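# sequence? don't have it. structure:
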């Protein structure tokens, strides 16, 4: 029978939610933001053209936020020594999958927010472009 942790479930849940924040930040930044564009493009090219399946999969991991978040989560769990529900290796396995899932929920929400902001900016730009045309075609005194 697995040994349960002596930490309250509420505390574990809070740590899970907090630990997923920097994990999501790192995974999103590496796989989407401009600062890592060149290495990401190189990894994308290698993931498509390398001869070895192992090499292709290795480089693909740096282009997919979901895949990359698994590896970032391993590092975060190792650094934080966070275990979920059980002490020992079982707690690390539960924590690993849980923190990856929560981080990906955060990244999905962030992506949705960015799409909505981009859509609003495009709509505003279209309105601003049409506004002078409408004002200029009105009745003149």
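Noted; the coordinates are in hand. Since we're looking at a predicted model, the values are computed, not measured.

# Could you list every helix and strand in contact with the top helix by length along the chain?
Identified as the longest helix of the chain according to DSSP state H is helix 89-136. Helix 89-136 sits against helix 9-32, helix 65-80, with contacts defined as 3 or more Cβ pairs under 8 Å, 6 or more residues apart in numbering; DSSP states H and E. From N, CA and C alone the C-beta is placed, and that goes for glycine too.

# tilt between it and helix 65-80?
Angle of helix 89-136 versus helix 65-80, following axes from the mean of the first three to the mean of the last three Cα atoms, to 10 degrees, is 130 degrees.

# my read is residue 83 is in a strand, agree?
No. With DSSP: H, G, I helix; E, B strand; the rest coil as the criterion, residue 83 is assigned coil and is not in a strand.

# when you give positions from now on, start the count at 698
From this message on, residue numbering opens at 698, which makes the last subject residue 780.

# wait, it sits on residue 793?
No. Between residue 780 and residue 793 there is no contact under Cβ atoms under 8 Å: 9.8 Å.

# what about those two, which has more around it?
More neighbours surround residue 780 than the other of residue 780 and residue 793, with 21 against 18 (other Cβ atoms under 10 Å).

# Can you tell me which helix or strand of the chain has the lowest average pLDDT?
Lowest on mean pLDDT, DSSP states H and E among the helices and strands of the chain sits helix 786-833, with a mean of 87.

# angle of it against helix 706-729?
Using the same axes, to 10 degrees, the direction of helix 786-833 lies 60 degrees away from that of helix 706-729.

# distance between helix 786-833 and the chain's centre?
The chain centre lies 11 Å from the centre of helix 786-833; the measure is Cα atoms, centre = their mean, to the nearest Å.

# Figure out which of the helices and strands packed on helix 786-833 is closest to residue 748.
helix 762-777 (20.5 Å; Cβ to Cβ).
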